[in-house]
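> attaching a predicted model along with its sequence, questions to come.
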Amino acid sequence: MSGHRSGLNRRLGIAFRVACIAATVTALWWFLHGIDVKTLVETFHRAMLWPLVLAALLNIGSHCVRAEGWRVMLGPRHRIPFGRLLRYELAAQAASAISPARAGEVLRFWLLRQDAVPAATTGALIVLKKVLGAVGLAVLVTAAPWLLPALPHWIRGFVAVFAALMVIELVTLVFVAHRVAPDKLPKFLRGLIGGMYFLRDSRRMFRALAVMLVGEAADAAAAGAVLYALGIDLPIAAAVMVLFFIDFSNMMPIAPGHLGTFEAGALYSLNLLHVSPDAAFAFALLFHAQQVLPQIVVGLPFELRLLTRRQRGSGAVLAEEDAALAEEGEHSGAGQRRSAD
């Protein structure tokens, strides 16, 4: 029975992924089928360099902010230096950028395990980090539709519902962490809630939320810098809206580095803001490159170093254990010989 259920879940997962890929490809074709390649090339040629450099620096800065978020969430139970958490963050983002299925989160489990952080705690904090990031984005985006009269009116309701759901989710988690004993929860939720121990510290929780808000603001500023570099005259509220739709479309993990879903979210949001398809596509490509390339260039060496060092460390530990066992065997053999004599 369990094998049949497992096979059914696997088939449903494959069907969902195929449907997501088909929807993404259809959306990209819809927005790009009439694009003028010559105009697209000219748009790239007109791009200013210094805003793109600023956007890349903001991207690196947002990783520093997220590493600080991990330090706030893990402490004081697990005190890990900021520099090490920054290397973990960059390595995890690089892994996600070059491999599918959010491999960076799997790597994060392994890295934090080396610092004695239980897997249940890491999993819980990954979930909570996403919730806090979504709440931070909701705080930024709530007012944006009202500042952009060109947007359809239904966007206001959509953003309001999203913000309300994220706040309700966070409040529910806080309530459960404070009021519900873990042994009264379903088994699959006990480790998750137990790992969210820092929710019981209100000061630390609001500090983590503020850090996530700063990270989302840095990403929105980077989006604004790329828009400015391409000469797309839109207010910062538009950059926040674009970031919102990109993050929303990236909830479908169908390719490494969110390839396809990222562009679809950017193209859809800029289409709502009446930006020409060539300029919108240029933005999508540059902003995606600004997000992914620094992660790979900076994070991949960290990932390789961490993996190599951990493997060497594991090998050294095994060698020490083998030597200790051999030495113990020699002492035991010597004792047996003395007894025989």
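Arrived safely, thanks for sending.
> any idea of the mean pLDDT in the helix or strand encompassing Glu42?
Assigning secondary structure by DSSP states H and E places Glu42 in helix 37-46. Averaged over helix 37-46, pLDDT sits at 88.
> next: stretch 166-185.
Stretch 166-185 comes out at a mean pLDDT of 82.
> centre of the chain to that stretch, how far?
Relative to its chain's centre, stretch 166-185 lies at 23 Å (C-alpha atoms, centre = their mean, to the nearest Å).
> swap in stretch 162-171?
The answer for stretch 162-171 is 19 Å, by C-alpha atoms, centre = their mean.
> dump the C-alpha coordinates for it into PDB.
Extracted in PDB, the C-alpha atoms of stretch 162-171 (Å, rounded to 0.1, in the frame of the first residue of the first chain):
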ATOM      1  CA  PHE A 162      -1.200  37.800  -0.300                       C
ATOM      2  CA  ALA A 163      -0.100  40.200   2.500                       C
ATOM      3  CA  ALA A 164      -2.900  39.100   4.800                       C
ATOM      4  CA  LEU A 165      -2.100  35.400   4.200                       C
ATOM      5  CA  MET A 166       1.500  35.900   5.000                       C
ATOM      6  CA  VAL A 167       0.800  37.800   8.200                       C
ATOM      7  CA  ILE A 168      -1.800  35.200   9.300                       C
ATOM      8  CA  GLU A 169       0.700  32.400   8.600                       C
ATOM      9  CA  LEU A 170       3.400  34.100  10.800                       C
ATOM     10  CA  VAL A 171       0.900  34.900  13.600                       C
END
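> what's the helix holding Glu42 packed up against?
Packing partners of helix 37-46 (3 or more C-beta pairs under 8 Å, 6 or more residues apart in numbering; DSSP states H and E): helix 277-340. Bear in mind the C-beta positions are built from the backbone N, C-alpha and C, glycine included.
> okay, and for the chain, where does confidence drop off?
By pLDDT under 70, the weakly predicted segments of the chain are 1-14, 16, 20, 100-102, 182, 187-188, 253-255, 302-303, 306-307, 309-341.
> mind running it again at 50?
For the chain, applying pLDDT under 50 flags the ranges 314-341.
> now the helices for it?
2-32, 37-46, 49-74, 82-98, 103-113, 119-141, 144-147, 154-179, 187-195, 202-229, 236-249, 261-272, 277-340 (DSSP state H).
> now the ones you listed in JSON lines, with mean neighbour count?
Listed next are the helices of the chain as JSON lines, based on neighbours: other C-beta atoms under 10 Å:
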{"stretch": "helix 2-32", "mean neighbour count": "12"}
{"stretch": "helix 37-46", "mean neighbour count": "13"}
{"stretch": "helix 49-74", "mean neighbour count": "19"}
{"stretch": "helix 82-98", "mean neighbour count": "22"}
{"stretch": "helix 103-113", "mean neighbour count": "18"}
{"stretch": "helix 119-141", "mean neighbour count": "20"}
{"stretch": "helix 144-147", "mean neighbour count": "18"}
{"stretch": "helix 154-179", "mean neighbour count": "14"}
{"stretch": "helix 187-195", "mean neighbour count": "15"}
{"stretch": "helix 202-229", "mean neighbour count": "21"}
{"stretch": "helix 236-249", "mean neighbour count": "23"}
{"stretch": "helix 261-272", "mean neighbour count": "23"}
{"stretch": "helix 277-340", "mean neighbour count": "15"}
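> what lies in contact with stretch 65-78?
With C-beta atoms under 8 Å, 6 or more residues apart in numbering as the test, stretch 65-78 has contacts from 80, 82, 85-86, 88-89, 112, 115-117, 121, 125, 128-129, 132, 197-198, 204, 207-208, 211-212, 214-215, 218.
> apply 7 Å and report the result again.
With C-beta atoms under 7 Å, 6 or more residues apart in numbering as the test, stretch 65-78 has contacts from 80, 82, 85-86, 89, 115, 117, 125, 128-129, 197-198, 204, 207-208, 211-212, 214-215, 218.
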